[in-house]
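Asker: structure for this input, please:
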Amino acid sequence: MMEKLDGTQANSAPTCSPVGGPQGRQGDFVYYLVLLATAGLLLGLIPLILHRFFDPDEFEHAHAAWCVSQGMLPYKDFFEHHTPWYYYALRPFFHWFDVAARFESARHFLLFGRGLSLALSALSVLLVSQIGRVWENRRVGVLAGLFLVSQPVFFQKSIEMRPDVLALPLFLGCLWFLLRELARSSNFAKKGLRNLLGGGLCLGAAVMCTQKMLFVLPGALSGLAIWSLFSGTAKAGARQGLLAVPTFLFGICAPVGLTWTAFAFHRAGVAFITNNFLLNASWKPIETGQLRALIDNSWPILSLGLLGGAVSLVRFFRRGRRRFEGLLLLCILAGLFGGVLILPSAHAQYYLIPLPLVCLLAAQGLLFLVERAQKRTRAVLLVLALIPLGILPALTLRESFGMRDEVQLARLRFVFDHTRPGDVVMDGWQGTGVFRPHAFRYFFLHPETVAMLPPSELEVYLKALERGEVRPKLIALDRNLVALGSRFLRFVKVRYISSDGFFFFRSGLWLPQQSGPFRRYGTFEVDRR
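Answerer: Numbering: from 1, shown residues only. Prediction:
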């Protein structure tokens with residue numbers, strides 16, 4: 001049975017479907033079972049929000065959003081190399097939390113940010129299901145949603161505070177608009193141009209959350225160009241066909257251009273381009289091993305995705321009336337993986353963007369295999385296939401419960417107990433000064449940033465420290481700060497004192513002592529003398 005674009009059923013001979021159809025209750029049972037499993041996995045992420053350790057990136061993004069809420073401008077007033085929409089999206093919520101004054105408010109804001117990420121991730125799963133329905137049918141959609149939720153990368157990153165989580169539903173919204181246009185008709189109309197414009201606006205907004213979304217552009221433009229030239233659309237209306245790609249590009253440029261104009265108005269237009277694009281293009285690579293981890297953890301879905309991609313290509317070339325939706329997905333996926341492969345340092349969150357496309361193709365690949373069996377056994381075979389595909393995420397979820405955040409929160413509480421909201425805190429990449437003014441233009445100094453740090457900027461900062469122009473009250477001396485060099489370490493040794501070798505207080509201030517049961521957490525208790 002075929003489905004129309006609006007979800008209604010077209011008139012055709014009834015068939016038995018493994019995930020739903022007019023015949024049999026088995027199909028409906030499997031359909032609702034898949035939905036229940038997807039919802040269960042999403043709900044299983046809620047306890048992780050409360051207890052799992054914070055990725056240092058989360059503190060970086062929370063600090064950048066807090067700086068924006070304090071009236072500071074990214075790239076001009078502090079260093080950032082991510083496009084800014086995520087920080088401005090978080091800014092209004094700081095009115096609900098007094099994050100600089102009280103530790104509990106700071107912790108609640110971090111948890112709220114994670115909850116917001118989970119809501120955006122649930123929206124992404126819903127959009128993947130709708131994309132699958134527009135592309136093929138509801139079977140592909142619901143299975144792709146389950147596959148997406150079940151991937152370890154999704155488990156790890158979908159609850160974190162990071163711009164990629166906001167960019168993902170915007171990217172999927174772009175796909176939904178484009179596929180609707182490709183599936184709608186064989187000629188252009190104003191309604192079609194609106195779909196293309198909507199897709200461009202969504203992609204432009206996604207680029208303003210993370211510039212990695214630019215890797216969508218080559219594949220999307222290639223797929224749209226092929227569709228315009230060979231679908232018969234150009235023959236039906238050559239003039240309107242020529243408007244397809246320009247309309248899409250105009251939609252992309254609108255949010256990007258308006259955002260840049262706003263920064264240029266505040267004399268940060270050059271820094272906006274330099275930090276977000278030029279600097280990242282020359283970022284010094286480090287070995288992350290995340291591609292190998294993705295293959296090890298998600299090889300069943302990747303294998304099914306390869307099969308689904310092959311099925312899409314065969315159907316595209318064999319059908320009398322070609323459908324270009326699958327070809328567009330393959331073009332975009334190729335561009336995304338090509339971009340990840342050429343990126344200097346591809347971290348786990350980089351795979352959040354191509355993963356939904358892999359899951360859509362994997363759903364098609366699994367259904368292709370199941371439909372080779374006899375009709376009466378398809379539902380059983382599908383359920384049996386879904387069981388092993390759910391084992392890996394269940395194990396990952398179990399392991400995640402053991403990744404606790406006691407040390408991080410205890411250190412954060414220590415900073416709140418011993419500094420005031422206006423006190424300067426210098427941190428490497430621990431995040432202890434997340435809601436405190438930072439001492440250096442670079443709030444985060446992980447190995448990649450240290451490798452890119454201009455020697456001239458470091459020289460200026462070291463001189464400011466030595467002259468007393470910058471006076472951090474507290475320094476969290478982790479290995480990333482140690483990497484700044486012997487000159488910085490000599491300064492800390494002369495001007496600061498510590499009881500534990502990690503938290504260093506400016507000389508002349510009373511020194512809290514480490515004591516009590518906090519020793520087993522590697523953190524501190526306040527000496528109330």
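
Asker: and residue 104, how far is that from residue 432?
Answerer: Counting by CB to CB, to the nearest Å, the gap from residue 104 to residue 432 is 16 Å. Any C-beta I mention is one placed from the backbone N, CA and C, and that applies to glycine too.

Asker: so where's the chain uncertain?
Answerer: Of all residues in the chain, those with pLDDT under 70 make up the ranges 1-27, 185-192, 231-241, 285-288, 319-321, 343-345, 401-402, 509-529.

Asker: returning to what we had before: who has more neighbours, residue 104 and residue 432?
Answerer: For residue 104 versus residue 432, neighbours defined as other CB atoms under 10 Å are more numerous around residue 432 (25 against 12).

Asker: and the more buried one, what are its phi and psi?
Answerer: Backbone torsions of residue 432, given as degrees, to the nearest 10, read phi -70, psi -20.

Asker: so residue 223 is in contact with residue 331, correct?
Answerer: Yes. Using CB atoms under 8 Å, residue 223 is in contact with residue 331, at 3.9 Å.

Asker: now residue 126: closest residue in space that isn't a chain neighbour?
Answerer: Counting by CB to CB, 6 or more residues apart in numbering, residue 126 lies nearest to residue 145, which is 7.3 Å off, once chain neighbours are set aside.

Asker: could you look up the SS state of that neighbour?
Answerer: Classification of residue 145 by DSSP: H, G, I helix; E, B strand; the rest coil places it in helix.

Asker: quick check: it vs residue 180, distance?
Answerer: 18 Å.

Asker: what residues of stretch 421-435 count as buried?
Answerer: By neighbour count with 16 or more other CB atoms under 10 Å, stretch 421-435 contains the buried residues 423-435.

Asker: take the residues you listed and keep only those in strands.
Answerer: 425-427 (DSSP state E).

Asker: any chance of these in JSON lines, with distance to residue 383 too?
Answerer: Formatted as JSON lines, those follow (distance: CB to CB, whole Å):
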{"residue": "425", "distance to residue 383": "54"}
{"residue": "426", "distance to residue 383": "55"}
{"residue": "427", "distance to residue 383": "50"}
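
Asker: a strand runs through residue 421, doesn't it?
Answerer: No. Under three-state DSSP, residue 421 falls outside any strand and is assigned coil.

Asker: the residue lying closest to it once chain neighbours are set aside: what secondary structure?
Answerer: Excluding the flanking residues, the one nearest residue 421 by CB to CB, 6+ apart is residue 100, at 3.9 Å. What three-state DSSP gives for residue 100 is coil.

Asker: burial count for residue 56?
Answerer: So residue 56, with other CB under 10 Å, has 18 neighbours.

Asker: OK, contacts around it?
Answerer: 429-431, 444, 446 (CB atoms under 8 Å, 6 or more residues apart in numbering).

Asker: let's see 7 Å
Answerer: By CB atoms under 7 Å, 6 or more residues apart in numbering, the contact set of residue 56 is 429-431, 446.

Asker: and of these, the nearest to residue 393?
Answerer: Residue 393 has its nearest neighbour among those in residue 431, at 27.4 Å by CB to CB.

Asker: and the nearest residue to the closest one once chain neighbours are set aside, how far from residue 483?
Answerer: Spatial nearest neighbour of residue 431, excluding adjacent residues (CB to CB, 6+ apart): residue 59 at 2.7 Å. Separation of residue 59 from residue 483 (CB to CB): 18 Å.

Asker: more neighbours: which of those two?
Answerer: More neighbours surround residue 59 than the other of residue 59 and residue 483, with 24 against 16 (other CB under 10 Å).

Asker: host element of the more buried one?
Answerer: Assigned by DSSP states H and E, residue 59 belongs to helix 56-69.

Asker: quick one: that helix to chain centroid distance?
Answerer: Relative to the centre of its chain, helix 56-69 is centred 15 Å away, using CA atoms, centre = their mean, to the nearest Å.

Asker: ok, now stretch 316-335?
Answerer: Offset of stretch 316-335 from its chain centre (CA atoms, centre = their mean): 26 Å.

Asker: residues in contact with it?
Answerer: 135, 178-179, 182-183, 215-216, 218-220, 222-223, 226-227, 231, 309, 312, 354, 357, 360.

Asker: buried residues of it, list them for me.
Answerer: 322-335.

Asker: now, which of these sits nearest residue 83?
Answerer: Distance to residue 83 across the buried residues of stretch 316-335 (CB to CB) is lowest for residue 335, with 18.7 Å.

Asker: quick check on that closest one: phi, psi?
Answerer: Note on residue 335: backbone dihedrals following degrees, to the nearest 10 are phi -60, psi -40.

Asker: leaving out chain neighbours, which residue sits closest to it?
Answerer: Closest to residue 335 by CB to CB, 6+ apart is residue 219, at 3.1 Å.

Asker: work out for me the element the one you found sits within.
Answerer: Element membership for residue 219, per DSSP H and E: helix 216-230.

Asker: in PDB, could you pull the C-alpha coordinates for that helix?
Answerer: What follows is helix 216-230, C-alpha atoms only, in PDB (Å, rounded to 0.1, in the frame of the first residue of the first chain):
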ATOM      1  CA  VAL A 216      25.800  19.800   4.200                       C
ATOM      2  CA  LEU A 217      26.000  22.400   1.400                       C
ATOM      3  CA  PRO A 218      28.000  20.500  -1.300                       C
ATOM      4  CA  GLY A 219      25.800  17.400  -1.200                       C
ATOM      5  CA  ALA A 220      22.500  19.400  -1.000                       C
ATOM      6  CA  LEU A 221      23.400  21.600  -3.900                       C
ATOM      7  CA  SER A 222      24.600  18.600  -6.000                       C
ATOM      8  CA  GLY A 223      21.300  16.700  -5.300                       C
ATOM      9  CA  LEU A 224      19.200  19.700  -6.100                       C
ATOM     10  CA  ALA A 225      21.100  20.400  -9.300                       C
ATOM     11  CA  ILE A 226      20.600  16.800 -10.500                       C
ATOM     12  CA  TRP A 227      17.000  17.000  -9.600                       C
ATOM     13  CA  SER A 228      16.500  20.300 -11.500                       C
ATOM     14  CA  LEU A 229      18.200  19.100 -14.600                       C
ATOM     15  CA  PHE A 230      17.000  15.500 -14.900                       C
END
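
Asker: other SSEs contacting it?
Answerer: helix 244-265, helix 325-342 (3 or more CB pairs under 7 Å, 6 or more residues apart in numbering; DSSP states H and E).

Asker: if we can go back for a sec, redo the contacts of residue 56 as a markdown table? Include distance to residue 380.
Answerer: Shown next, in a markdown table, are those (distance: CB to CB, whole Å):
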| residue | distance to residue 380 |
| --- | --- |
| 429 | 50 |
| 430 | 52 |
| 431 | 49 |
| 446 | 50 |
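
Asker: for the helix or strand where residue 412 lies, buried residues please.
Answerer: Secondary structure from DSSP H and E places residue 412 in helix 406-418. For helix 406-418, burial by neighbour count (16+ other CB under 10 Å) applies to 408-409, 411-416, 418.

Asker: same question for stretch 247-261.
Answerer: Result for stretch 247-261 [16+ other CB under 10 Å]: buried residues 247-252, 255-256, 259-260.

Asker: what comes into contact with that stretch?
Answerer: 193, 196-201, 203-205, 207-208, 224, 269, 272.
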